[in-house]
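K.L.:
Here's a sequence, model it:
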Amino acid sequence: MVSLEEMRKQYDISGLDRKDLLESPTEMFRNWFDKIEEFDTLEPNAMTLATASNGGKPTSRIVLLKEYDEKGFTFYTNYESTKGVQIESNPYGSLTFNWHPLERQIRIRGKIRRISPDKSKKYFASRPRLSQISVLASKQSTTVENRAELELLFKKYEDKYEDKEIPMPDYWGGYRLEHKEIEFWQGRRDRMHDRFVYTRHGTTWKIERLAP
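P.N.:
As a prediction, the model looks like this:
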């Protein structure tokens, strides 16, 4: 068995030069996302969302990217969950994508705001019916006695809304992280990785290379 200290991999698929970068970080993200979608990768839209309490205590978890554009990167959750409570008291966070097949990472930082209820309702309506019911049955991040309790709640709402439209609860919806900084990381041999960061300055983006 290889020890943790001995676990390492040489990254040698590609490099990243300034000439490879697009002027818009959103378009650069789109370029990389299109490439990872060509691989048989489980949920390439999975991203680590890091938030912190008002006192600065951090928490991270995996969420799914559901939309992105020049305004930011959108995900959906329970507003009363740990992440929701932290966002409401300290509305700044970061996202990280880690794509092993391409030896790439992307880090995104910015302010997080709720999207409009109408937009959230439109997405909620597009979800599978049983996923809608799970939103009602699960008071995310609260303590439950056992699995049976969750399943009873699920059955309760499944019966209640049989043959009926399932309403989106007020405590659920979307957030958009409005990117002010995006870093593109390309693994290289001997840990001499390529890193470029886009930083917003008004309506323009400044691009700089970072030491690995």
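K.L.:
Nearest residue to the middle of this structure?
P.N.:
By CA atoms, centre = their mean, the mean C-alpha position of the chain lies nearest to Met47, the distance being 3.8 Å.
K.L.:
need the contact list for that residue.
P.N.:
Ile62, Val63, Leu64, Leu65, Phe73, Phe75, Leu95, Thr96, Phe97 (CB atoms under 8 Å, 6 or more residues apart in numbering). The C-beta positions use only the backbone N, C-alpha and C, and glycine is treated the same way.
K.L.:
From the residues you listed, which land in helices?
P.N.:
Residues of the contacts of Met47 located in helices (DSSP state H): none.
K.L.:
Who wins on neighbours among the residues you listed?
P.N.:
In terms of neighbour count, Phe73 stands highest of the contacts of Met47 at 25 neighbours, by other CB atoms under 10 Å.
K.L.:
and the spatially closest residue to that one that is not a sequence neighbour, bridged to which residues?
P.N.:
Of all residues not flanking Phe73 in the chain, Leu177 sits nearest, at 4.9 Å (CB to CB, 6 or more residues apart in numbering). Partner residues in beta bridges with Leu177: Phe73, Ile112, with DSSP bridges as the criterion.
K.L.:
Surely Leu177 touches Arg114?
P.N.:
No - when contacts are counted by CB atoms under 8 Å, Leu177 is not listed as touching Arg114 (11.4 Å).
K.L.:
By residue count, tell me the biggest helix in the protein.
P.N.:
Among the segments of the chain that qualify as a helix by DSSP H, the longest is helix 147-160.
K.L.:
list the helices and strands it packs on?
P.N.:
Helix 147-160 is packed against helix 129-137, with contacts defined by 3 or more CB pairs under 8 Å, 6 or more residues apart in numbering; DSSP states H and E.
K.L.:
can you list contacts of the helix it packs on?
P.N.:
78, 124, 150, 153-154, 156-158, 161, 166, 168-169, 172.
K.L.:
Next, the angle from that helix to helix 147-160.
P.N.:
Taking axes from the mean of the first three to the mean of the last three CA atoms, to 10 degrees, one finds helix 129-137 and helix 147-160 inclined to each other by 120 degrees.
K.L.:
for the record, mean pLDDT for helix 129-137?
P.N.:
For helix 129-137, the mean per-residue pLDDT is 97.
K.L.:
Can you list the buried residues in it?
P.N.:
Residues of helix 129-137 classed as buried by neighbour count (16 or more other CB atoms under 10 Å): Gln132, Ile133, Ser134, Val135, Leu136, Ala137.
K.L.:
ok, those residues vs Met1, which is closest?
P.N.:
The shortest distance between Met1 and any of those, using CB to CB, involves Ser134 and amounts to 39.0 Å.
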